[in-house]
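>>> Turn this into a structure:
(2 chains)
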Protein chains: 2
Amino acid sequence: MSTPKIVILGAGYGGMMTATRLQKQMGANEAEVTLVNKHNYHYQTTWLHEPAAGTLHHDRTRIAIEDVIDKNKVKFVQDTVVEIKKDEQKVILKNGELTYDYLVIGLGFEPETFGIKGLKENAFSIRSVNSVRKIREHIEYQFASYNNDKEKQEERLTFIVGGAGFSGIEFIGELADRVPELCHEFDIDREKVRVINVEAAPTILPGFDQELVDYAKTLLESKGIEFKLGTMIKECKEDGVVLSKDDQLEEIKANTVVWTGGVRGNSILEKSGFEAMRGRIKVEKDLRAPGFDNVFVVGDCALIINEEIDRPYPPTAQIAIQQSYTCSHNLLALIRGGHLESFNYSSKGTVASLGKGEAIGKVGNKHLYGGTASAMKKIIDNRYLFLLGGPSLVLKKGKLKLF
Amino acid sequence: MSTPKIVILGAGYGGMMTATRLQKQMGANEAEVTLVNKHNYHYQTTWLHEPAAGTLHHDRTRIAIEDVIDKNKVKFVQDTVVEIKKDEQKVILKNGELTYDYLVIGLGFEPETFGIKGLKENAFSIRSVNSVRKIREHIEYQFASYNNDKEKQEERLTFIVGGAGFSGIEFIGELADRVPELCHEFDIDREKVRVINVEAAPTILPGFDQELVDYAKTLLESKGIEFKLGTMIKECKEDGVVLSKDDQLEEIKANTVVWTGGVRGNSILEKSGFEAMRGRIKVEKDLRAPGFDNVFVVGDCALIINEEIDRPYPPTAQIAIQQSYTCSHNLLALIRGGHLESFNYSSKGTVASLGKGEAIGKVGNKHLYGGTASAMKKIIDNRYLFLLGGPSLVLKKGKLKLF
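So this is what the prediction gives:
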């Protein structure tokens, strides 16, 4: 009998943790595990708003895959997934192909632009190390150029962030800290800079309690952020946005638009013929794709309904990590012949950062604010590093104040 | 009898040093000295190739004017000169005007593009703190963008430097050091990056001895620089350059073109009706403008013939600083009633840096190379700071290895 082949697509939270869980729990030669990823590093998607604003170096958010995997147990292939030939149990890569007995799909998210005109072409999105260092450099370039223009262009100093969800607000929090630094660096009055958050819903941070929302909004406003709530982006142009509120249109010139207003699963799933809603497969309780007993889906490509409110759980790092536990358990159960377990999400609480030393959060029914929430956020970030790579990884990449 | 008014236009090497010389030598209330400058800082033009490449922070190259002037003796006005009404002894500023009894013009250089098509519109030039930090950010943005493009654009990683004179080669030297850092920062193979120096003359560093030129060229080539000598830039487009060599045309796609191939004096001189050649006034031996007994010209706006070779001295910091001595002496002579002295340039030697720890130079008839030349360059830089602001300025802004 030949060794079963497990192929894991994507080294995000779900795929990476599935790989490290397997390497811990598998016996020698129990399975041949291959992890496929476009880059030779894993990155912390939930930290990306920081290097996007320029408040943290992007290298702090990424981890070399070979620093975390045990090469005796997991083989790493650096390549880009083109298509999954699910009926042939084969994955087509840009530079080759792989066959599998078991597949784990952890291909992550793409921005969802809801068909808003020009958004795909003209807005940045916070999605990868590559994309965020481009945002950082783009922002710096606007500041660096401003004093060189004969006719001063206010659009260079106008920054639109679309979406007031988790990522939008966390990015806004970092920008609020970064703007004064950039003004100092490039000899520009803070007063000339506008940072505008546009959100279609009537409130920021939907899902958070009103008290927390009010705290966040007041804090960010005190740092000079403008909010345009109940406002839709109708169009994103090369040089700005057209907004709509109560049927009134407003055009704002801006060289920088960052869209955080929506995510979807990876479009490779639809291309590969899976039944998916916005790139997400509505998985079975054991995290397998319906009709495919050997295909698991984790992370942002997995759609799971929260039965309490009959709506999908939002895609987060927390849920992806929990899924990796179920997924690795169930893979071993299939190989060894055992009982497959059902996935049950258990929320450990949520904290949204609002810049340096500031955050809001909810753990159980307890509200957290300011320094306490910010400390909790760092604990969450460090805990993940501990789960992934043990204490040495926390020391290397953790958010620590050692001195 | 009223106190004579001296107005100094520009806080470059010539203007700034004239102001500080005057404040040292003048008695109380002997003259009312006003220094006019666009920015509230003086900068080291000869260092600008470093922040342009990103190897030194731009703040290291600038000095707050109020840190150097004695407010009891010199009044500083931050404003932009629009025109000199020489017949009315008046200077028109953007936000006001000043009358003078004596004028010192030290308005510096502008790039000279010799009518080459598109150069003015599409090429960067190394001329001010504002311009160089834009160059630095532009270069970084190219690197940051490269891995985000679906179709890789080689023009993002192609850098053309026009001109192989002093500034061009010093900039190339810094770029050669910076490129590997940027490749590391943005995950790009060094092999993909081209840095091309284009020069119409058959050699780099015209004016230097062949031995020194050979050393410089071999060193820079070993760091991956390409030279295209005896080659003209026919046109600079938004996306590259058209070159011509021996009547053969070659087009090279490049998003970054930096022109260092020529300088001229400030065009305000011609606008103000002075007789000028490429913005430079051919001054009398005592540095006064012909026909204007109360107008001195120093620095890049002054044209002085080197009678040994019957050609103008090239505009350098060294000559500007020496001119400030003659200029301040002659101003005091006019006020006090004394003998005006003639300007005599005395070359103290020249050193061109070639990146970190490398340089070539000639002091007297002695050739300097490598570490020795590089150390000499730092001594020259520090000596200027000493002349300008004494030991405290050397400590604050000098190129020192303190540890």
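
>>> Close to chain B: what parts of the stretch 151-300 of chain A are there?
Counting by CB under 8 Å from any CB of the partner chain, the residues of the stretch 151-300 of chain A close to chain B are residue A:186. For glycine as for every other residue, the C-beta is placed from the backbone atoms N, C-alpha and C.

>>> Show me the residue of the stretch 151-300 of chain A that gets nearest to chain B, please.
residue A:186 (6.7 Å; CB to the nearest CB).

>>> Tell me, how many residues neighbour that residue?
By the criterion of other CB atoms under 10 Å in any protein chain shown, residue A:186 has 21 neighbours.

>>> Setting the sequence-adjacent residues aside, check what's closest to it.
Ranked by CB to CB, 6 or more residues apart in numbering or on different chains and with sequence neighbours excluded, the top spatial neighbour of residue A:186 is residue A:143, at 4.2 Å.

>>> which SS class is the one you found?
Following DSSP: H, G, I helix; E, B strand; the rest coil, the label given to residue A:143 is helix.

>>> rewinding a little: please name the residues that touch the residue of the stretch 151-300 of chain A closest to chain B.
Contacts for residue A:186 were tallied using CB atoms under 8 Å, 6 or more residues apart in numbering or on different chains; they are A:143-144, A:146-147, B:133.

>>> I'd like those as JSON lines, with distance to residue A:213, pLDDT and neighbour count appended.
Converted to JSON lines, the contacts of residue A:186 look like this (distance: CB to CB, whole Å; pLDDT from 0 to 100; neighbours: other CB atoms under 10 Å in any protein chain shown):
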{"residue": "A:143", "distance to residue A:213": "31", "pLDDT": "98", "neighbour count": "22"}
{"residue": "A:144", "distance to residue A:213": "35", "pLDDT": "98", "neighbour count": "27"}
{"residue": "A:146", "distance to residue A:213": "33", "pLDDT": "98", "neighbour count": "20"}
{"residue": "A:147", "distance to residue A:213": "38", "pLDDT": "96", "neighbour count": "18"}
{"residue": "B:133", "distance to residue A:213": "39", "pLDDT": "97", "neighbour count": "27"}
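
>>> how about those, which pair is most distant?
Spatial extent of these (CB to CB) is set by the pair A:146 and B:133 at 10.6 Å.

>>> Do a quick rundown of the helices in the stretch 101-250 of chain A.
A:119-122, A:129-146, A:166-185, A:210-222 (DSSP state H, counting those that start in this stretch).

>>> Now tabulate the contacts of residue A:186 in TSV and tack on distance to residue B:268.
Shown next, in TSV, are these (distance: CB to CB, whole Å):
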residue	distance to residue B:268
A:143	28
A:144	26
A:146	23
A:147	19
B:133	24
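
>>> Roughly how far does residue A:136 sit from chain B?
Separation of residue A:136 from chain B (CB to the nearest CB, to the nearest Å) stands at 7 Å.

>>> For that residue, which non-adjacent residue is spatially closest?
Of all residues beyond its chain neighbours, the one nearest residue A:136 is residue A:54 (4.4 Å), with distances taken as CB to CB, 6+ apart.

>>> same deal with residue A:266?
Excluding its sequence neighbours, the residue lying closest to residue A:266 (CB to CB, 6+ apart) is residue A:107, at 3.8 Å.

>>> how near is the one you found to chain B?
18 Å.

>>> wait, doesn't that residue sit right on residue A:268?
Yes. Using CB atoms under 8 Å, residue A:107 makes contact with residue A:268 at a distance of 5.9 Å.

>>> Who has more neighbours out of those two?
The residue with more neighbours, out of residue A:107 and residue A:268, is residue A:107; 27 against 23, by other CB under 10 Å.

>>> Which strands or helices does the longest helix anywhere in chain A pack on?
Longest helix in chain A, counting residues (DSSP state H): helix A:370-397. If contacts are counted by 3 or more CB pairs under 8 Å, 6 or more residues apart in numbering or on different chains; DSSP states H and E, helix A:370-397 sits against helix A:13-25, strand A:62-64, helix A:317-336, strand A:350-353, strand A:359-363.

>>> if I read this right, residue A:305 contacts residue A:285, doesn't it?
No. Counting by CB under 8 Å, residue A:305 sits too far from residue A:285 to count as a contact (10.5 Å).

>>> confidence score at the residue of the stretch 151-300 of chain A closest to chain B?
Per-residue confidence (pLDDT) for residue A:186: 98.

>>> Repeat that for the one 3 residues further on.
pLDDT, the model's per-residue confidence, is 97 for residue A:189.

>>> wait, what's in contact with it?
Residue A:189 sits next to residue A:183 when contact means CB under 8 Å, 6+ apart.

>>> again with residue A:156
Applying CB under 8 Å, 6+ apart to residue A:156 gives the contacts A:142-143, A:145-146, A:149, A:255.

>>> next one: residue A:373
Counting by CB under 8 Å, 6+ apart, residue A:373 has contacts A:351, A:358-361.

>>> again with residue A:212
A:205, A:360-362, A:367, A:369.

>>> Geometrically speaking, which residue is the centre of chain A?
In chain A, the residue lying closest to the centroid (CA atoms, centre = their mean) is residue A:45, at 4.0 Å.

>>> Please verify my assumption that that one contacts residue A:316.
No. Between residue A:45 and residue A:316 there is no contact under CB under 8 Å: 9.6 Å.

>>> all strands of the stretch 1-150 of chain A, in order?
A:5-9, A:32-37, A:41-43, A:62-64, A:74-78, A:81-85, A:90-93, A:96-99, A:102-105, A:109-111 (DSSP state E, counting those that start in this stretch).

>>> Out of those strands, flag the one nearest chain B.
Closest among these, using CB to the nearest CB: strand A:41-43, at 9.0 Å.

>>> gap between that closest one and the chain center?
Once both centres are worked out by CA atoms, centre = their mean, to the nearest Å, strand A:41-43 turns out to sit 12 Å from its chain's centre.

>>> got the contact list for that strand?
Contacts of strand A:41-43 (CB under 8 Å, 6+ apart): A:11-12, A:16, A:61-65, A:68, A:128-129, A:388.

>>> What residues does the residue of the stretch 301-403 of chain A found nearest chain B make contact with?
Residue of the stretch 301-403 of chain A nearest chain B, by CB to the nearest CB: residue A:397 (17.4 Å). Contact analysis of residue A:397 by CB under 8 Å, 6+ apart lists A:60, A:63, A:385.

>>> hmm, back to that, contacts only, for the residue nearest to residue A:266.
Residue A:107 makes contact with A:9-10, A:12, A:81, A:265-266, A:268-269, A:299, A:301 under the criterion CB under 8 Å, 6+ apart.

>>> same check, this time on residue A:209
Contacts for residue A:209 (CB under 8 Å, 6+ apart) come out as A:362, A:367.

>>> Find me the pLDDT at it, would you?
If you check residue A:209, the pLDDT there is 93.

>>> likewise residue A:206?
For residue A:206, the model assigns a pLDDT of 89.

>>> Now do the phi/psi pair for the nearest residue to it once chain neighbours are set aside.
Using CB to CB, 6+ apart and skipping residues adjacent in sequence, the residue nearest residue A:206 is residue A:165, 6.8 Å away. Main-chain torsions, residue A:165, degrees, to the nearest 10: phi -80, psi -160.

>>> Which residues are in contact with residue A:165?
A:205-206, A:260-261.

>>> how does it look with 7 Å?
Neighbour list for residue A:165: A:205-206, A:260 [criterion: CB atoms under 7 Å, 6 or more residues apart in numbering or on different chains].

>>> okay, stretch A:46-63 in CSV with CA atoms only?
Extracted C-alpha coordinates of stretch A:46-63, given in CSV (Å, rounded to 0.1, in the frame of the first residue of the first chain):
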residue,chain,number,x,y,z
THR,A,46,-4.2,40.5,10.2
TRP,A,47,-1.1,42.7,10.6
LEU,A,48,-1.0,44.0,7.1
HIS,A,49,-2.7,47.4,7.8
GLU,A,50,0.5,48.3,9.7
PRO,A,51,3.1,47.9,6.9
ALA,A,52,0.4,49.4,4.5
ALA,A,53,0.5,52.6,6.5
GLY,A,54,4.2,52.3,7.1
THR,A,55,4.0,52.0,10.9
LEU,A,56,5.7,48.5,10.9
HIS,A,57,8.2,47.0,8.5
HIS,A,58,6.7,44.3,6.3
ASP,A,59,9.4,41.9,7.2
ARG,A,60,7.9,41.8,10.7
THR,A,61,4.7,40.4,9.3
ARG,A,62,6.3,37.6,7.4
ILE,A,63,7.8,34.3,8.4
